[in-house]
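Participant: A predicted structure for the sequence below; I have some questions about it.
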Amino acid sequence: MRSHAELRRAAEWLLRAALFAALGIALWRSLQHEGRASGSRSTSTSALARDLDAIISDPAVVAIDLAIDAMPSRAERDVLVALRRAGVTVRWRGTPPALAVEATRVREPDERARILVGAGTSTPISLVDSAGLLDTVRAKAGATIEAASIVGAVRAQQGKFAARAVAPVGEPRRAVLVLGRADWESKFVMSALVESGWVVRASIPTAPSVTVRDDAVLPIDTARYDVVVALDSSAADMAPAIARFVAQGGGLIAAGSALALAPLRAIAPARAGDRLPGRILLADDSVTPRDLPLRPFSAMRPDAVTLERQAAGPALAARRAGMGRVLAVGYDESWRWRMLGGATGLAAHRRWWSGAAGSVAPERSGAIPRGGDASPLASLVSALGAPSTSVASNNQPARNPLPLILMILVAACLLAETASRRFRGAR
């Protein structure tokens with residue numbers, strides 16, 4: 001049986017071995033990390049493209065602190081997301097503006113670009129495409145501009161920050177079917193639509209049992225028509241087919257007595273009231289929409305939206321019906337606007353009727369080309385989370401408890417072995 005002195009000496013050898021093992025581990029770790037930068041790496045968005053290669057190739061980087069002085073590109077944001085998924089902490093700080101831009105096409109034959117911009121401040125925003133400056137707007141409450149054509153992507157720029165959108169590719173519009181009596185209103189509504197580029201077909205009753213119509217007017221379906229314009233009750237014989245057309249996704253503009261037809265009354269936003277005469281013109285006067293005769297709406301549906309209102313009541317209202325849209329027009333004899341509207345009457349009348357047809361026409365835009373980043377701040381927060389309130393300084397090592405544990409182990413082993421030797425009287 002071993003004596004207490006022998007057991008004490010064995011314990012001392014074990015403590016000594018543990019001491020040398022801890023020192024060996026510490027030496028190995030120092031050799032492994034010698035000359036290598038570890039911890040977090042600080043950079044800015046403007047320098048991110050230059051620093052990414054070094055960050056990716058350094059396995060010691062466990063955190064990235066990103067200062068947002070410009071919006072990162074989609075590719076840079078994807079790389080940061082990939083690093084975060086690989087275990088690297090990605091923090092960002094800064095106050096980039098809340099820019100958002102959308103580019104669409106109007107549903108009219110000229111396919112103008114409509115650009116919608118939003119921002120959180122009233123700082124001016126430059127709208128730029130590949131060919132140059134389009135316009136400058138203040139968009140704290142939102143702004144909309146139209147451009148006859150755009151080249152490439154549209155950028156909403158505010159200093160070094162920008163949102164980017166690409167308009168969809170337009171597709172040819174279908175025809176418009178006009179139904180009305182042989183009067184000035186039918187004539188000039190068709191003229192306005194043709195002059196705006198729409199393909200117009202018509203069915204016009206000219207006498208009892210006599211109707212002048214284009215070839216192949218029927219059937220009324222979305223493969224042939226975008227919009228039906230029913231100007232009066234002469235559309236009665238086609239009203240059931242028009243209601244089916246709207247349910248399938250077509251558009252309808254109904255005015256005057258056409259709103260009282262039973263099949264159309266079931267889908268219309270409202271019913272037309274009694275006709276009120278327009279304003280009496282004086283010498284050198286010019287007509288505007290508020291001067292036209294008006295049938296103010298009554299019995300408005302709960303889901304109808306009033307688009308225009310005059311003193312006598314609502315003049316324009318719209319609603320969805322099935323998959324299509326219906327626009328109710330309270331103005332009567334709009335041709336007076338064209339003929340008596342002064343120097344701008346003809347163009348204004350043409351533009352108004354084309355816009356009305358486009359507002360109810362179905363969306364037929366083609367695919368949206370890739371490459372946009374319409375709301376970069378929202379994309380950044382979605383990809384990397386909310387901004388960090390505190391950011392570590394450059395190349396600060398991450399806290400690791402192992403060195404402290406090794407130091408405590410070395411001290412404990414040394415003290416225990418020394419105390420044991422002193423108690424048994426050894427030097």
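Facilitator: Perfect, I can see it now.
Participant: residue ranges for the helices of the stretch 151-300 of the chain, please.
Facilitator: For the stretch 151-300 of the chain, the helices defined by DSSP state H, counting those that start in this stretch cover 184-195, 239-247, 262-265.
Participant: looking at the second one now, give me its mean pLDDT.
Facilitator: On average, the pLDDT along helix 239-247 is 95.
Participant: would you map out the domains in this structure?
Facilitator: Domain ranges of the chain: 1-36+414-427, 100-170+367-374, 175-360, per automatic domain parsing.
Participant: got CSV for those domains, with distance to Ala70 and mean neighbour count too?
Facilitator: Using the backbone N, CA and C atoms, a C-beta is placed for each residue, glycine as well. Formatted as CSV, the domains of the chain follow (distance: least, Cβ to Cβ, whole Å; neighbours: other Cβ atoms under 10 Å):
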stretch, distance to Ala70, mean neighbour count
domain 1-36+414-427, 30, 12
domain 100-170+367-374, 4, 17
domain 175-360, 38, 18
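Participant: can you pull out the strands in the stretch 151-300 of the chain?
Facilitator: Ranges of strands in the stretch 151-300 of the chain, per DSSP state E, counting those that start in this stretch, are 154-158, 161-165, 175-179, 200-207, 210-213, 225-230, 251-255, 271-272, 297-298.
Participant: can you convert those strands into CSV and add a column each for mean pLDDT and distance to Gly345?
Facilitator: What follows is those, written out as CSV (pLDDT from 0 to 100; distance: least, Cβ to Cβ, whole Å):
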stretch, mean pLDDT, distance to Gly345
strand 154-158, 88, 33
strand 161-165, 87, 35
strand 175-179, 95, 20
strand 200-207, 89, 20
strand 210-213, 81, 27
strand 225-230, 96, 20
strand 251-255, 95, 19
strand 271-272, 90, 24
strand 297-298, 89, 25
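Participant: these: which one's closest to Ala321?
Facilitator: The closest of those to Ala321 is strand 251-255. By Cβ to Cβ, the value is 7.8 Å.
Participant: the closest one to helix 184-195, inter-axis angle?
Facilitator: 150 degrees (axes from the mean of the first three to the mean of the last three Cα atoms, to 10 degrees).
Participant: pull the distance from strand 251-255 to the chain's centre.
Facilitator: Once both centres are worked out by Cα atoms, centre = their mean, to the nearest Å, strand 251-255 turns out to sit 29 Å from its chain's centre.
Participant: name the strands paired with that strand and say parallel or antiparallel.
Facilitator: In the sheet, strand 251-255 lines up against strand 225-230 (parallel), strand 324-329 (parallel) (DSSP bridges).
Participant: tell me which of the ones you listed sits nearest to Gly342.
Facilitator: The closest of the strands paired with strand 251-255 to Gly342 is strand 324-329. By Cβ to Cβ, the value is 22.0 Å.
Participant: on that earlier part again, could you export the helices of the stretch 151-300 of the chain as JSON lines, including distance to Thr121?
Facilitator: JSON lines is the format used below for the helices of the stretch 151-300 of the chain (distance: least, Cβ to Cβ, whole Å):
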{"stretch": "helix 184-195", "distance to Thr121": "41"}
{"stretch": "helix 239-247", "distance to Thr121": "42"}
{"stretch": "helix 262-265", "distance to Thr121": "47"}
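Participant: redo the strands of the stretch 151-300 of the chain as TSV? Include distance to Val90.
Facilitator: Shown next, in TSV, are the strands of the stretch 151-300 of the chain (distance: least, Cβ to Cβ, whole Å):
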stretch	distance to Val90
strand 154-158	24
strand 161-165	19
strand 175-179	54
strand 200-207	58
strand 210-213	67
strand 225-230	48
strand 251-255	48
strand 271-272	60
strand 297-298	56
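Participant: which one of those strands lies nearest to Arg74?
Facilitator: strand 161-165 (9.0 Å).
Participant: okay, the strands paired with strand 251-255 in CSV with distance to Leu307 next?
Facilitator: Output for these, formatted as CSV (distance: least, Cβ to Cβ, whole Å):
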stretch, distance to Leu307
strand 225-230, 16
strand 324-329, 8
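Participant: ok, which of those strands comes nearest Pro96?
Facilitator: Closest of these to Pro96 is strand 324-329, at 37.5 Å (criterion: Cβ to Cβ).
Participant: nearest to Trp337, out of the strands of the stretch 151-300 of the chain?
Facilitator: strand 251-255 (13.6 Å).
Participant: about what we covered before: mind checking which of the strands of the stretch 151-300 of the chain is nearest Ser334?
Facilitator: strand 251-255 (8.5 Å).
Participant: would you put the C-alpha positions of that closest one in PDB?
Facilitator: C-alpha atoms of strand 251-255 as PDB (Å, rounded to 0.1, in the frame of the first residue of the first chain):
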ATOM      1  CA  GLY A 251     -63.700  47.400 -69.200                       C
ATOM      2  CA  LEU A 252     -67.000  49.400 -69.600                       C
ATOM      3  CA  ILE A 253     -67.700  53.100 -69.800                       C
ATOM      4  CA  ALA A 254     -71.400  53.800 -69.400                       C
ATOM      5  CA  ALA A 255     -73.000  57.200 -69.700                       C
END
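Participant: give me the contacts around that strand.
Facilitator: 226-232, 242, 245-246, 264, 267-268, 272, 321, 324-332, 356-357, 359-362 (Cβ atoms under 8 Å, 6 or more residues apart in numbering).
Participant: what strand or helix carries Ala378?
Facilitator: helix 376-384 (DSSP states H and E).
Participant: pull out the buried positions in that helix.
Facilitator: For helix 376-384, a neighbour-count test (16 or more other Cβ atoms under 10 Å) marks Pro376, Leu377, Ser379, Leu380, Ala383, Leu384 as buried.
Participant: low-confidence ranges in the stretch 1-150 of the chain?
Facilitator: 1-9, 11-13, 15-16, 19, 27, 29-38 (pLDDT under 70).
Participant: do that again at 80, thanks
Facilitator: Low-confidence segments of the stretch 1-150 of the chain, defined by pLDDT under 80: 1-40, 58, 120, 140-141.
Participant: ok, which stretches of it are strands?
Facilitator: 39-44, 61-67, 89-93, 100-105, 113-118, 125-129, 132-137, 143-147.
Participant: quick one, which of those is nearest to Val199?
Facilitator: Closest approach to Val199 among the strands of the stretch 1-150 of the chain (Cβ to Cβ): strand 100-105, 17.6 Å.
Participant: between that closest one and strand 143-147, how many degrees?
Facilitator: Going by the same axes, to 10 degrees, strand 100-105 makes 40 degrees with strand 143-147.
Participant: note down every partner strand of strand 100-105 and its orientation.
Facilitator: Pairing partners of strand 100-105, with direction, according to DSSP bridges: strand 113-118 (antiparallel).
Participant: between the partner strand and strand 154-158, how big is the angle?
Facilitator: 30 degrees.
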